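Asker: What follows is a predicted structure for the sequence shown.
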Amino acid sequence: MIEKALKGNRPYWIWITLLLLVIAFGISAYAQQMRLGLSVTGMGDGVRSGITTMQYAFMAAVAASTILVVLPYLHDYKPFGTIVPIAQFLGASASATALLSLFIDMGKPQLMLDLLRYATPQSPYSWAFFLLTGYFLINLITGWATLGAERKGVPTAAWVKPLIYLSIPWAIVLAVVTGFVFVNFPGNHWIASLLAIRLLASAFAGGTALLLLIILILKKTSDFDAGREVTDKLVMLVTYAGSCAFALIGLECFARSQVLLLLWLSLLLGIASISVFFVPTWKSSISWLIAASAGVVVSILAEKGIALLYSSMGGIVAYTPTVKEVSVTLGVLALGLLFFTILLKAVVAVKTAD
Amino acid sequence: MKITTREVVFGLLILVALLALRGFWPTVKAEKIPSPTVKVTAIDSTACIAPTEYMRSHHMQLLNEWRNTGARDNRPYVTADGKKFQKSLDTCLGCHSNNTYFCISCHQYANAKPNCWNCHLSPLDKP
Amino acid sequence: MNEERREFIKKTSFGFLAGIGVTSGFFLNFLMEKTDTSIWADKSIAGTIRWGMLIDMRKCIEGCQKCVDACRLAHNVPDFGHSRYQLEWLQKSPYHEVFPTSGEDFIGKERTGKLFPSLCNHCAEPPCASACPTQATFKRFDGIVALDYHRCTGCRSCMASCPYGAIGFNWSEPRPAIKALNASYPTREKGVVEKCNFCSERLLKGKLPACVEACAEKTLTFGDLNDPKSEIRLLLEKNQTMQRKPELGTLPSVFYII
């Protein structure tokens, strides 16, 4: 199936070249980071995490959210059958991007395997590494197996379903525990009230909105159309999860904080986007749907970003990302997108039986 | 024959003396236990921790073990003959840094680049 | 592995050691340092010792940096010369940074206007140690929250979870940033975190921490919090003391008299 990625039209190859270019920039910037240390980033005393961590947090959330598509399918909701491999590959690509984002943020990446060797049960970071790696493998394997079976028109192998069942609790834990890593929180994350539930809600809202965006873009750029029922259902899921998420994020507006304006802006964007889904005429317009789901994605991304600005010492940190830092982060994003594009190409090829 | 009081007392004294000697008998009879040939010596960083041949071929393994356990295991390293050493690169360098080129002369030849000197001051760095 | 090695050493070493024993007599003044025997007394069972520090601000002199300088020198703490990369094991910080949750109002400037020596609190419940994914940060048998630099991956989870900002990160290579290199202690490398170790390397030799020794005014008192007869315990019983952010339940081992 992978050979389908080698055939494509002109826009496809332009897209691939663009991604490779960004990756090349990222690699050259990372080489400098290797030589000079993390001083090439805008981080410093008090600012222990930056846009790389924001990308990690968002991608981990996206990865976890794909379970919302897989879950109805397991309950025999047939329409989602067409987009289940897309969701699984999105889960795999997002996990890989999140893992790579963690990797480029490490001071001594050469000790990556020590994370396995000295795995610590009480450390959220240790869990995040383990869960993301596992989730990547589960999604890639089950997605590939499902798609392969569909291509040949045979039933999926018997071992696939238990693996998918395993991915359900896996994703829910993933959404929460990966969030613990980036939130600057002195003391015990594990029992912090509200934090876990908010991470879950915002992950489901942001991730499903991104999936909706991808499906809509696919409809515009390729022959693949998931169908009205699928988009309607996804809109419903985004509305549910988004309503919960923005209500929980809204609670923070009552706390004293120096970033209240930013918080209000992201919240307003999120609520406005969700409101679009309630208007029937807008809901049936693809352009409105694209704008609204993009709005939810940006709002959740901003929420992850704002969380980084809180210092664990109390107060707000001053942080401006550097060009090198942005290059490395975008390089990782491009790598994830390239991986996802290749997988998606295989899905579209099978679905449109080309 | 008349037995005098003095003779009775004298006889009793001999009996007591014999009984007392009986108590000493096990010690007298026992074989001498040889004193232990290897004494547990006091901690001393002035000695080698293993034969030169062994260290030449295995020092990286020993150092790696010290590296992994030295910080968290508060017990000293105990050699086969009971000598105790602090698990620290300084234990080695305490003696071996008297030759500034002790580490580097071999490592350079073998093109081995251990990362010890990223943090630890090599004998070459020391003033 | 270990057992094998032991056996091997046992079998091969006796003859060799005998040789060493004979020859060592000829080189009495060899450049070798005898280790202090008392440090290996096998009394260090977990929980029996808990090192702590009491900082008596009534004795601390304004503008004095002796403890900070002694610490820098003792541990090769780098000075990157840029506030963004600032890294300290021990520093003097204003009241609102050291006790941000204790309230500053109505206490009086003569007490809150000072600069307070602040360092790692060596908490009994260290959040940094439970955040570390490789147990590079861990609580030692004697209550010291130690850092194993060999294992640190530079993920900075500990920095995020420390409520005292006591952990610093080497954003670039630290060795060029060290003003006076101290040959008796290692440096760190770029990409690892570092923090106060309560001078565990000095405690091993029976010495007091460098900052305590450097303070002529006896502002800093160091001792075993688990020993009811220790000086620090007697002072803690007699005086009203403060800990940093006690409400977080981290149980700091550093106390202040303000």
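Answerer: Alright, I've got the coordinates.
Asker: okay, CA-based contacts and neighbour counts for the rest of this
Answerer: Will do.
Asker: mind showing which ranges of the stretch 251-354 of chain A have poor pLDDT?
Answerer: For the stretch 251-354 of chain A, applying pLDDT under 70 flags the ranges A:256-257, A:354.
Asker: C:D105 is in contact with C:H96, correct?
Answerer: No - with contact defined as C-alpha atoms under 8 Å, C:H96 does not count as touching C:D105 (10.7 Å).
Asker: Looking at the two, which is more packed in?
Answerer: Neighbours were counted for C:H96 and for C:D105 using other C-alpha atoms under 10 Å in any protein chain shown; C:H96 has more, 14 against 8.
Asker: Does the closest residue to chain A within chain B lie in a helix or a strand, and which?
Answerer: Residue of chain B nearest chain A, by C-alpha to the nearest C-alpha: B:N68 (11.0 Å). Using DSSP states H and E, B:N68 maps to helix B:52-69.
Asker: Show me the shaky parts of the chain.
Answerer: I'll assume chain A. The model of chain A has pLDDT under 70 over residues A:184-188, A:191, A:193, A:256-257, A:354.
Asker: Actually, chain B is the one I wanted.
Answerer: In chain B (pLDDT under 70), the answer is B:1, B:31-46, B:127.
Asker: thinking again about what came up before, got the contact list for the residue of chain B closest to chain A?
Answerer: Neighbouring residues of B:N68 by C-alpha atoms under 8 Å, 6 or more residues apart in numbering or on different chains: C:H150.
Asker: cool, and the one 4 residues further on?
Answerer: Under the criterion of C-alpha under 8 Å, 6+ apart, the neighbours of B:R72 are C:140, C:148.
Asker: quick one, helices of chain B?
Answerer: B:5-29, B:52-69, B:89-96, B:102-110 (DSSP state H).
Asker: so which of these comes closest to A:Q88?
Answerer: Smallest distance to A:Q88 across the helices of chain B (C-alpha to C-alpha): 39.7 Å, for helix B:52-69.
Asker: Report the buried residues of that closest one.
Answerer: Within helix B:52-69, the residues scored as buried using 16 or more other C-alpha atoms under 10 Å in any protein chain shown are B:63, B:66-67.
Asker: Could you do stretch B:99-117 as well?
Answerer: Buried residues in stretch B:99-117, counting neighbours by 16+ other C-alpha under 10 Å, are found at B:104, B:117.
Asker: where does that stretch sit relative to the chain's centre, distance-wise?
Answerer: Chain-centre distance of stretch B:99-117: 30 Å, with C-alpha atoms, centre = their mean, to the nearest Å.
Asker: Mind exporting the C-alpha coordinates of that stretch to CSV?
Answerer: Provided in CSV are the C-alpha atoms of stretch B:99-117 (Å, rounded to 0.1, in the frame of the first residue of the first chain):
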residue,chain,number,x,y,z
ASN,B,99,50.9,10.3,35.8
THR,B,100,49.1,13.0,33.9
TYR,B,101,48.9,10.8,30.8
PHE,B,102,47.7,7.7,32.6
CYS,B,103,44.3,7.6,31.0
ILE,B,104,44.9,9.4,27.7
SER,B,105,48.0,7.5,26.6
CYS,B,106,46.0,4.3,26.0
HIS,B,107,42.7,5.9,25.1
GLN,B,108,44.4,7.9,22.4
TYR,B,109,46.1,4.9,20.9
ALA,B,110,42.8,2.9,21.0
ASN,B,111,40.8,5.9,19.8
ALA,B,112,38.5,5.5,22.8
LYS,B,113,36.6,8.6,23.8
PRO,B,114,35.0,8.1,27.2
ASN,B,115,32.6,10.9,28.2
CYS,B,116,34.0,11.0,31.8
TRP,B,117,35.9,14.2,31.1
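Asker: Up against chain C, what does the stretch 201-350 of chain A have?
Answerer: A:311-313 (C-alpha under 8 Å from any C-alpha of the partner chain).
Asker: just the helices in chain C please.
Answerer: C:2-24, C:66-75, C:95-98, C:109-112, C:127-131, C:157-161, C:200-203, C:210-214, C:231-238.
Asker: related to what we said a few turns ago, could the helices of chain B go into CSV alongside distance to A:A128?
Answerer: Formatted as CSV, the helices of chain B follow (distance: least, C-alpha to C-alpha, whole Å):
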stretch, distance to A:A128
helix B:5-29, 70
helix B:52-69, 24
helix B:89-96, 34
helix B:102-110, 39
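Asker: I'd like to know which of these is closest to C:D227.
Answerer: Closest approach to C:D227 among the helices of chain B is made by helix B:52-69 (28.1 Å; C-alpha to C-alpha).
Asker: one step back: could you provide the buried residues of helix B:52-69 in JSON lines, with additional columns for distance to A:E3?
Answerer: Formatted as JSON lines, the buried residues of helix B:52-69 follow (distance: C-alpha to C-alpha, whole Å):
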{"residue": "B:L63", "distance to A:E3": "49"}
{"residue": "B:W66", "distance to A:E3": "51"}
{"residue": "B:R67", "distance to A:E3": "48"}
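Asker: Compute the first-to-last residue distance for stretch C:160-176.
Answerer: 27 Å (C-alpha to C-alpha, to the nearest Å).
Asker: Would you mind listing the buried residues in it?
Answerer: Under 16+ other C-alpha under 10 Å, the buried positions of stretch C:160-176 are C:160-175.
Asker: which of these are close to chain A?
Answerer: Okay, of the buried residues of stretch C:160-176 touching chain A (C-alpha under 8 Å from any C-alpha), that's C:160-165, C:168-169, C:171-173.
Asker: Could you single out the nearest of the residues you listed to C:N76?
Answerer: In terms of C-alpha to C-alpha, no member of these lies closer to C:N76 than C:E173, at 12.7 Å.
Asker: Which residues lie in contact with the closest one in this structure?
Answerer: In this structure, C:E173 makes contact with A:36-37, C:189-191, judged by C-alpha under 8 Å, 6+ apart.
Asker: most surrounded residue in the residues you listed?
Answerer: Most neighbours among the contacts of C:E173, by other C-alpha under 10 Å: C:G191, with 27 neighbours.
Asker: correct me, but that one touches C:H150?
Answerer: No - using C-alpha under 8 Å, C:G191 is not in contact with C:H150, being 11.3 Å away.
Asker: Number of residues surrounding whichever residue of the stretch 51-200 of chain A sits closest to chain B?
Answerer: In the stretch 51-200 of chain A, the residue found nearest to chain B is A:Y118; the distance is 11.0 Å by C-alpha to the nearest C-alpha. For A:Y118, the count of nearby residues is 14 (other C-alpha under 10 Å).
Asker: same check, this time on A:F254
Answerer: Per other C-alpha under 10 Å, the neighbour tally for A:F254 reads 9.
Asker: State the distance from it to chain C.
Answerer: 19 Å (C-alpha to the nearest C-alpha, to the nearest Å).
Asker: any idea how far that residue lies from A:A247?
Answerer: Look at A:F254 and A:A247: by C-alpha to C-alpha, they are 12 Å apart.
Asker: Counting neighbours, what do you get for C:E231?
Answerer: Applying other C-alpha under 10 Å, we find 16 residues neighbouring C:E231.
Asker: so what's it closest to, chain neighbours aside?
Answerer: With sequence-adjacent residues excluded and distances taken as C-alpha to C-alpha, 6 or more residues apart in numbering or on different chains, C:E231 is closest to C:G223, at 6.8 Å.
Asker: do you know how far that neighbour is from chain A?
Answerer: 26 Å.
Asker: and the stretch 51-200 of chain C, which of its residues are near chain A?
Answerer: By C-alpha under 8 Å from any C-alpha, the residues of the stretch 51-200 of chain C that approach chain A are C:83-87, C:127, C:130-135, C:151-157, C:159-165, C:168-169, C:171-173, C:190-192.
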